[in-house]
Structure formats: structure tokens, C-alpha cells
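Participant: Just the structure for this:
(one chain, ligands or ions: 1)
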Amino acid sequence: MTRAIVVPKENAESLLRNLQMERLIDRTMKIVKRGNSILVPVTGEPRFDLAPLRARLEPHVDLPHRLRPRDPRHEIRERLEAAGIPVAHAPRRWERIGGVLVLRLPSEGQPQARVIAKIFGMVLGARTVVQDRSGIHGPMRVPDVQVLWGNGTETVHIEGRIRYAMDVARVMFSSGNLAERVGIADRVRPGAIVVDLFAGIGYFSLPIAVRGRAETVYGCELNPVSFRYLVENTRLNRATNLVPLLGDCRAIAPRGIADWVIMGHFDAREYLDVAFDALRGKGTIVYHELCPKEQYPDAMTQRLAAAARAHWMNVQAIHTRIVKSYAPGIVHSAAEVEVTRQNRP
Ligand SMILES: C[S@@+](CC[C@H](N)C(=O)[O-])C[C@H]1O[C@@H](n2cnc3c(N)ncnc32)[C@H](O)[C@@H]1O
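Facilitator: Have a look, this model is predicted:
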């Protein structure tokens with residue numbers, strides 16, 4: 001015997017969506033039909049009100065067991081087939097940002113985009129499904145997404161115990177850079193002063209402030225929308241050592257105080273002078289760029305060494321890495337450059 005919610009057939013979809021959001025569906029039991037009702041096995045009592053859906057909780061129901069919990073990929077495949085949509089028209093992967101699912105649909109899938117989105121959203125328990133239409137644009141790194149199913153693109157994404165509030169339709173978030181976000185927080189020593197020149201919603205600033213226990217992290221952000229989330233995320237994570245600064249880092253970045261400077265933007269090379277000016281005597285610059293694969297890492301290390309010399313700095317060490325493949329023949333690469341100020345004669 002198990003607990004189940006009984007709901008009229010026409011309200012089953014709304015109920016399932018709400019239950020999925022609260023992760024309450026008991027996946028070890030089968031969902032069954034009884035007359036005009038659907039019985040959904042649950043692991044606990046929902047927090048939302050069942051009355052508007054004309055649903056009710058039955059404490060002791062006899063439902064058949066599933067032989068093993070379902071793999072969502074199988075379930076997606078079955079539902080696509082049932083809807084007459086070739087599996088090749090749907091994406092093979094997805095990105096989950098809080099309650100929002102981001103899909104990149106092949107062109108063949110466009111005519112059935114909304115049905116595909118509904119299937120993914122239902123099976124994967126998302127609140128909203130959006131499609132990433134053309135990537136991320138401009139210096140403020142603004143996404144181009146279209147809502148296909150559900151509503152509301154504002155969400156809170158939790159990663160490594162950090163909460164990132166954001167609007168997926170208005171600011172970027174790259175799940176692929178997780179190792180970077182976590183790794184950097186572990187390397188910055190407690191008590192360090194950090195200047196993040198391109199803070200966004202706090203991608204690097206927050207983990208460094210919260211997990212790395214820096215003394216102060218100054219987060220510069222140009223885009224007022226991202227800045228609003230940076231401020232909100234500072235509060236949400238109780239990061240009292242994070243100081244959000246609104247404006248162009250060229251104008252607002254503090255000077256002569258940093259042990260670490262973070263440059264999480266592909267235009268970072270145009271701001272190396274700002275980074276060197278932010279350092280006090282010696283320190284580490286975390287630098288990102290897009291680089292043709294065959295030029296990695298020499299072009300980047302030479303560029304950094306030349307910029308250091310031009311600012312009367314000596315390079316003590318450069319550690320380079322490829323963050324990910326960005327496009328055919330292009331890599332997203334990063335470097336950590338340790339520098340000390342030269343003794344001028
Ligand atoms: C690419 S996002 C950060 C991405 C993040 N590093 C990641 O890997 O997910 C860079 C941010 O820098 C901001 N930005 C661009 N130019 C800026 C400038 N001159 N000063 C301050 N912020 C700037 C953009 O608005 C954007 O929010």
C-alpha cells in the first residue's frame with residue numbers, strides 16, 4: 001500500500017508538473033488510470049493546494065510496482081514516439097538552470113518545438129523550457145532564448161552550495177564552467193583581496209567570497225540587469241565580504257589593492273592594463289580568452305608576458321588550461337599568471 005493523489009484526468013498534467021517541482025512522485029510505483037481519474041503515487045504530502053485541481057490524497061492505495069525506476073531518456077524517447085516525433089528531431093542533451101531547462105533544437109525539430117519542450121519539461125520536472133536560439137551576444141553576454149513551455153524564466157540555480165538567482169532570458173549562465181568556478185575558490189587563500197573585473201551575477205565572485213573566504217571581493221559589473229542579480233545573490237548567500245560595483249571596470253575597478261584579479265570575459269585581453277593596475281605589488285591574474293587551437297598555449301602566454309613587461313611586472317609562473325572546446329578549431333582557454341613588480345632603477 002502506498003500514498004497516492006487522485007486527480008481528474010483533465011487536471012493530471014498540472015498536478016504532475018507541481019509534483020515534479022517538489023520532487024514528490026514515487027518513481028518506484030506506477031501511475032495508473034481509474035475511471036476518469038489518474039492515481040499518482042507520492043513520497044510525501046505536497047505543499048501546494050490540491051483543491052483547485054479537484055485532487056485529493058489517498059493514504060492507502062494499492063498500486064503496481066515499477067520493476068526499476070525509469071531512465072528519463074527512455075521516457076522521453078517513448079513519449080516522442082507516441083507523439084509521432086522522430087527521436088532525431090529532439091535534442092540529445094539539455095542544460096538545467098534551476099527550474100528552467102535549456103534546449104538546443106535541431107532545425108528539423110522546430111515545427112514541433114513546443115510539443116518536444118512539453119515532453120522534456122514533464123519528464124525532467126522543469127517549470128519552464130526555453131530554447132537557446134543563437135547563443136550569447138555582445139560585450140554584456142546577453143542570451144537569446146525563447147520560452148517554449150511553462151512560464152517564468154527567473155530561477156535560482158544551486159551549485160556547490162552557492163545560490164545564483166537570475167533570469168535565464170536576460171543573463172548568461174554557463175554550466176560548462178563549473179570546474180572553473182569551484183577550482184578558483186579553492187586556490188584563493190583566505191584573507192586575500194580579490195577584484196573581479198567582469199562579475200556578472202557572481203559566477204566567480206560568489207564562490208570566492210563564500211567558499212574561499214577572501215577578505216574582500218570587489219565585483220565590477222557593467223550590465224544593470226546582471227548587477228541587480230549580483231546584489232541579490234550577495235544577500236542570498238550572505239556574502240558580507242562581496243562588494244558589488246556598478247559600471248565599466250575601466251572606470252570603477254579599485255587600484256593597487258588586489259592579490260587576485262579575475263577576468264572572466266573573452267575580451268579580457270583589452271583590459272589587461274586594468275588588471276595590472278588593480279594589483280598591489282604582486283599577485284595572480286586569472287585570464288580567459290578564445291584561442292585558435294593550434295595557437296594554444298603559446299599565443300596566450302606570449303601575450304600575457306608582453307603585457308606584464310609593459311606594466312613593469314615580472315612573470316613568476318603561468319599555468320594554462322583549456323576550459324572547453326568553444327567551436328570547431330577554437331578553445332576557451334584560461335591562464336593563471338603570477339606576477340611581481342619590477343624594481344625600477
Ligand atoms: C561573460 S560574463 C561572465 C561569465 C562567467 N565568467 C562564466 O564563465 O560563466 C561577463 C560579464 O562581464 C560584464 N562586462 C562586460 N564588459 C564589462 C566592463 N567593461 N566592465 C564590467 N563588466 C563588464 C558583462 O555584462 C557580463 O555580465
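
Participant: So V323 is in contact with I330, correct?
Facilitator: No. Contact criterion C-beta atoms under 8 Å: V323 and I330 do not qualify, at 11.7 Å. The way it works is simple: take the backbone N, C-alpha and C, and place the C-beta from them, glycine included.

Participant: so who does E154 touch?
Facilitator: Shown in contact with E154 (C-beta atoms under 8 Å, 6 or more residues apart in numbering): 165-168.

Participant: Enumerate every residue touching E22.
Facilitator: E22 sits next to 46-48 when contact means C-beta under 8 Å, 6+ apart.

Participant: again, 7 Å this time
Facilitator: Contact analysis of E22 by C-beta atoms under 7 Å, 6 or more residues apart in numbering lists 46-47.

Participant: Please state the backbone phi and psi of it?
Facilitator: E22 has phi and psi values of phi -90, psi 10 when expressed as degrees, to the nearest 10.

Participant: same question, E294
Facilitator: Torsion angles at E294 (phi, psi; degrees, to the nearest 10) stand at phi -70, psi -10.

Participant: do you know how far it is from V331?
Facilitator: To V331, E294 is 10 Å away according to C-beta to C-beta, to the nearest Å.

Participant: Between the two, tell me which one has more neighbours.
Facilitator: Each of E294 and V331 has its neighbours counted (other C-beta atoms under 10 Å); V331 has more, 22 against 9.

Participant: what about the helix or strand hosting that one, near the ligand?
Facilitator: Applying DSSP states H and E as the criterion places V331 in strand 330-341. No. Between strand 330-341 and the ligand, judged by C-beta under 6 Å from any ligand atom, nothing touches; the nearest distance is 8.6 Å.

Participant: What residues of that strand count as buried?
Facilitator: Of the residues in strand 330-341, 331-339, 341 count as buried by neighbour count, 16 or more other C-beta atoms under 10 Å.

Participant: Mind picking the two most distant members of those residues?
Facilitator: Pairwise distances among the buried residues of strand 330-341 were taken by C-beta to C-beta; the largest, 31.0 Å, belongs to V331 and R341.

Participant: Can you tell me which residues in the chain are near the ligand?
Facilitator: Selection of the chain residues close to the ligand by C-beta under 6 Å from any ligand atom yields 139-141, 172, 174, 177, 198, 200, 203-204, 220-223, 226, 248-250, 264-265.

Participant: Those residues in helices, which ones?
Facilitator: Within the residues of the chain next to the ligand, residues falling in helices by DSSP state H are 226, 249-250.

Participant: Which members of the contacts of E154 are positioned in helices?
Facilitator: Among the contacts of E154, no member falls in helices (DSSP H).

Participant: Break this structure down into its structural domains.
Facilitator: Annotated domains of the chain cover 2-61, 72-152, 172-341 [automatic domain parsing].

Participant: do you know which of the ones you listed lies nearest G160?
Facilitator: Distance to G160, taken as C-beta to C-beta, is lowest for domain 172-341 among the domains of the chain, at 5.3 Å.

Participant: for that closest one, what is the average pLDDT?
Facilitator: Domain 172-341 comes out with an average pLDDT of 94.

Participant: Show the end-to-end separation of it, please.
Facilitator: Distance between the two ends of domain 172-341: 35 Å, counting by C-alpha to C-alpha, to the nearest Å.

Participant: Which residue, other than its chain neighbours, is closest to M29?
Facilitator: Nearest non-adjacent residue to M29, counting by C-beta to C-beta, 6 or more residues apart in numbering: P41, 3.7 Å away.

Participant: which of the residues of the chain next to the ligand are buried?
Facilitator: Buried subset of the residues of the chain next to the ligand (neighbour count, 16+ other C-beta under 10 Å): 140-141, 172, 174, 177, 198, 200, 203-204, 220-223, 226, 249, 264-265.

Participant: Strands of the stretch 201-345 of the chain, residue ranges please.
Facilitator: Ranges of strands in the stretch 201-345 of the chain, per DSSP state E, counting those that start in this stretch, are 216-221, 242-246, 258-263, 279-292, 313-327, 330-341.
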